[in-house]
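K.L.:
how does the following fold in three dimensions:
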Amino acid sequence: MVAEAKQNGVATMAGSKAQLMSVKRREPTLVSPAEATPTGEQYYLSNLDQNIAVIVQTVYCFKCPSGRGNEGAADVLRDALARVLVHYHPLAGRLGISPEMKLTVECTGEGVPFVEAEAACDLALIGDLSTPDPAALGQLVYSVPGAKNILEMPPMTAQSCVVPSS
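P.N.:
Next up, the predicted model:
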């Protein structure tokens, strides 16, 4: 829904949650698996994914326990992602097309783009994120700039957006 709305140029409506937000992103870095993983393998996507290849963008919100700040949250997430990629190494690869013209995941070990961001707003002001607002959610989900199709996007990207404690 978010990707489709952005690609179709949906304008921000008056009263949009996006107007309450200001998100500053750092340059993406690649998070590689914490240990060596197999490379050169190729996995075919399912028959359903072959026919309906879509990008799914999700937002997960976590509140730090009382008395703890957000400092170091991105480092913890980056380290956890590196350790998870050891077991789910195809996510650190790239999409490709087989000689049979089928979508595949190429196990290259390149890594997952990880973006640190900071929002200049209180999450409570944004309200219910389960109600789609493409303009607001688009600020909370990193999209590969200039990607024209699914083959130009990694199987997974991550953005850690810290909201200052109020």
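
K.L.:
give me the next element, helix or strand, following the helix or strand of the chain with the lowest mean pLDDT.
P.N.:
Here the helix or strand of the chain ranked lowest by mean pLDDT, DSSP states H and E is helix 2-7, holding a mean of 34. Downstream of helix 2-7, the next assigned helix or strand under DSSP states H and E is strand 23-25.

K.L.:
list of residues touching that following strand?
P.N.:
Val115, Glu116, Ala117, Glu118, Ala119, Ala120, Gln139, Leu140, Tyr142, Gln159, Cys161 (Cβ atoms under 8 Å, 6 or more residues apart in numbering). From N, CA and C alone the C-beta is placed, and that goes for glycine too.

K.L.:
what is the nearest of those residues to Val105?
P.N.:
Within the contacts of strand 23-25, distances to Val105 taken as Cβ to Cβ reach their minimum at Tyr142, with 19.6 Å.

K.L.:
burial measure for that closest one, as a count.
P.N.:
Tyr142 has 19 neighbouring residues, counting by other Cβ atoms under 10 Å.

K.L.:
same thing with the one 5 residues further on?
P.N.:
Around Ala147 sit 12 other residues, with neighbours defined as other Cβ under 10 Å.

K.L.:
ok, Gly138 next?
P.N.:
Gly138 has 19 nearby residues by other Cβ under 10 Å.

K.L.:
can I take it that it is in a helix?
P.N.:
Yes: assessed by DSSP: H, G, I helix; E, B strand; the rest coil, Gly138 belongs to a helix.

K.L.:
ok, it to Ala147 distance?
P.N.:
According to Cβ to Cβ, to the nearest Å, Gly138 and Ala147 sit 14 Å apart.

K.L.:
Ala135 too?
P.N.:
Taking Cβ to Cβ, one finds Ala135 at 19 Å from Ala147.

K.L.:
ok, Gly72 next?
P.N.:
For Gly72, the distance to Ala147 equals 30 Å [Cβ to Cβ].
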